[in-house]
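Participant: Sequence first, predicted model second:
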Amino acid sequence: MTRCRLCGSAALASVVDLGATPPCESFLAADRLDLPEPAYPLHLRVCTDCWLAQIPPLITPEETFEEYAYFSSYSTSWVEHARRFVDDAVRRVGIGTDVPDAFVVEVASNDGYLLRHVVDRGIRCLGIEPSVNVGAAAREAGVPTLTEFLSPETGAAVRAEHGPADLVVANNVYAHIPDVVGFTQGLRALVADDGWVSVEVQHLLMLIEQNQYDTIYHEHFQYYTVASAIRALASGGLGLVDVELLPTHGGSIRLWARPAEAAGEPSQRVADVLAQEKAAGLQELSGYAEFSARVAKVRRDLLKFLIEAAERGETVVGYGAPGKGNTLLNHCGIRPDLLAYTVDRNPYKHGRFTPGTRIPILPPERIAADRPDYVLVLPWNLRAELVEQLSFVHEWGGRLVFPIPELSIVEVKR
């Protein structure tokens, strides 16, 4: 990668180099364990002209998403987050009241975890989801779903068939597309001239401040501040109107945008977050200078804990097999000698192995059966939910371990 994918500048500066890892969602079936496994460089850089942080587009979205291992509905807290979003969006946009024949489109709609709440309200909707397997699950759940990647052409075709959307939702997808300009043009093609676009994406400010380097992986092509998101939205004809700070994924931003001609002046909250980002130094290289050293400390601390536990004869297993966990496991070089297995609620992953590190993925029931001394929680962003879910490990004196933002060992109680 020699030029910024948003502004075309060649002024790219290194933020952190995590070496080479396999794609984080390429879980291995048992019959592939003796076959070669491709790995790609994972090097985060920032453009010093537009300040978009980005990695090289070494894999294509087609490689990742045509069959996808992540089903949103397996996270109880994420489904509840989606329900609250729909409630808030209905009030903000007025769909179902001020706009009685409203139309809602969600891009990267996964298994219908969000649009099911729109369907329940009797509001016309459509999901656009590239993954064949999770899109099929959405349709089985009664959510109309089109199996496509969003492009300007797809957006125009949906608009021609269904009419313009009063609300377009793009949650946790704006980082997943290498052609950020074309994708944004697709959002503009979908939305009505007086409609709304809602985008949720992890906040680079929190990634840097909270050492969340495991969220850097090959299907996340770029990492946004509000400042860089304004430029990205403008590239497709959208203007930022408002922003919300969210706790999801360790700290996210919800961007409320409208077609540029209808956007008007942005809210005070936009100015406030821009000021926070500037104060953190994220529009100059100084804001990124210490990140690589803090990442190295997270790695050393986790490895020290695992090695010392093994030397004491204590057992450590994992909870969850998220994409972020595979960045962490590969960067730290963790293998089954230090982490016997991990578990996951998603049956699709059972009997498979984590990419690169080849750690077995088992059903969650194995934790209670084996009674390990420690459970390493890989989806640390769901800490509150998982401390409650895993409170049963207290029965035998087990403890939870969270690796991010720094190593934390938690004694859970019922």
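Facilitator: On my side now, so go ahead. Numbers count the residues shown, from 1 in each chain.

Participant: And the helices in the stretch 1-150 of the chain, which stretches?
Facilitator: 61-65, 76-93, 115-120, 132-140 (DSSP state H, counting those that start in this stretch).

Participant: Who are the packing partners of the longest one?
Facilitator: With contacts defined as 3 or more CB pairs under 8 Å, 6 or more residues apart in numbering; DSSP states H and E, helix 76-93 has these neighbours: helix 115-120, strand 165-171, strand 191-202, helix 383-389. Where you see a C-beta, it was placed from the backbone N, CA and C, and this is true even at glycine.

Participant: With the third one instead?
Facilitator: Using 3+ CB pairs under 8 Å, 6+ apart, the elements in contact with helix 115-120 are helix 76-93, strand 103-107, strand 124-128.

Participant: quick one: the residue nearest to the spatial centre of the chain from Arg352, how far?
Facilitator: Of all residues in the chain, the one closest to the mean position by CA atoms, centre = their mean is Asn172, 5.1 Å from it. Here the criterion is CB to CB, to the nearest Å. By it, Asn172 lies 23 Å from Arg352.

Participant: Residue ranges in the protein under the pLDDT threshold?
Facilitator: 1, 61-74, 414 (pLDDT under 70).

Participant: re the thing from before, so can I have a markdown table of the helices of the stretch 1-150 of the chain showing mean neighbour count?
Facilitator: Converted to a markdown table, those look like this (neighbours: other CB atoms under 10 Å):
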| stretch | mean neighbour count |
| --- | --- |
| helix 61-65 | 17 |
| helix 76-93 | 16 |
| helix 115-120 | 21 |
| helix 132-140 | 18 |
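
Participant: and of those, who's closest to Ala13?
Facilitator: Ranking the helices of the stretch 1-150 of the chain by proximity to Ala13 (CB to CB) places helix 61-65 first, at 25.8 Å.

Participant: would you say Ala175 is within a helix?
Facilitator: No - applying DSSP: H, G, I helix; E, B strand; the rest coil, one finds Ala175 to be coil, outside a helix.

Participant: Start and end of stretch 327-341, how far apart?
Facilitator: 16 Å (CA to CA, to the nearest Å).

Participant: Just say which of the helices and strands packed on helix 76-93 is most tucked in.
Facilitator: Most buried of these by mean neighbour count (mean count of other CB atoms under 10 Å) is strand 165-171; its value is a mean of 27.

Participant: For it, name the packing helices and strands.
Facilitator: Checking 3+ CB pairs under 8 Å, 6+ apart, strand 165-171 ends up next to helix 76-93, strand 103-107, helix 180-190, strand 191-202.
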